[in-house]
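Visitor: with the input below, show me the fold.
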Amino acid sequence: MTHTYRLNGDARTWQPGITLRQTLTTEGMEGTWFAVALNGAVVPASQWDATAVPPDSELEIIQPCQGG
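Guide: Presented below is the predicted three-dimensional model:
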């Protein structure tokens, strides 16, 4: 059985029980140089391994950019 979630507005399908860290790894996002919000709440990097992505969740990944 699969469920869906949205990552930065794009629909994704995955197996139930996936953690936030597994989701980020699948998307090629390694490290902690970005912020992640799950259903509107920022999740600290220290909790990514223990945080499951529930069905129909909204994930936002925010990457810093240098400006001038």
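Visitor: what residue ranges in this structure score low on pLDDT?
Guide: Applying pLDDT under 70 to the chain picks out residues 68.
Visitor: and the strands in it?
Guide: Counting by DSSP state E, the chain has strands at residues 3-7, 10-14, 35-38, 41-42, 57-62.
Visitor: which one of those is the most hemmed in?
Guide: Mean neighbour count (mean count of other Cβ atoms under 10 Å) peaks for strand 35-38 among the strands of the chain, with a mean of 18. All C-beta spots, glycine's among them, are computed from the backbone N, C-alpha and C.
Visitor: what's next to that one, contact-wise?
Guide: Contact with strand 35-38 is made by 20, 24, 42-43, 45, 48, 51, 53, 57-62, as judged by Cβ atoms under 8 Å, 6 or more residues apart in numbering.
Visitor: next one: stretch 17-25
Guide: Contact with stretch 17-25 is made by 5, 7, 14, 30, 36, 38, 43, 47-53, 59, 61, as judged by Cβ under 8 Å, 6+ apart.
Visitor: still on that earlier bit, now the contacts of strand 35-38 in JSON lines, with distance to residue 1?
Guide: Putting the contacts of strand 35-38 into JSON lines (distance: Cβ to Cβ, whole Å) gives the following:
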{"residue": "20", "distance to residue 1": "20"}
{"residue": "24", "distance to residue 1": "22"}
{"residue": "42", "distance to residue 1": "29"}
{"residue": "43", "distance to residue 1": "24"}
{"residue": "45", "distance to residue 1": "29"}
{"residue": "48", "distance to residue 1": "23"}
{"residue": "51", "distance to residue 1": "20"}
{"residue": "53", "distance to residue 1": "14"}
{"residue": "57", "distance to residue 1": "16"}
{"residue": "58", "distance to residue 1": "20"}
{"residue": "59", "distance to residue 1": "20"}
{"residue": "60", "distance to residue 1": "25"}
{"residue": "61", "distance to residue 1": "25"}
{"residue": "62", "distance to residue 1": "30"}
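Visitor: check whether residue 61 really touches residue 34, as I assumed.
Guide: Yes - at 5.6 Å, residue 61 counts as touching residue 34 under the criterion of Cβ atoms under 8 Å.
Visitor: from residue 52, how far out is the nearest residue to residue 16 once chain neighbours are set aside?
Guide: Spatial nearest neighbour of residue 16, excluding adjacent residues (Cβ to Cβ, 6 or more residues apart in numbering): residue 3 at 5.5 Å. According to Cβ to Cβ, to the nearest Å, residue 3 and residue 52 sit 11 Å apart.
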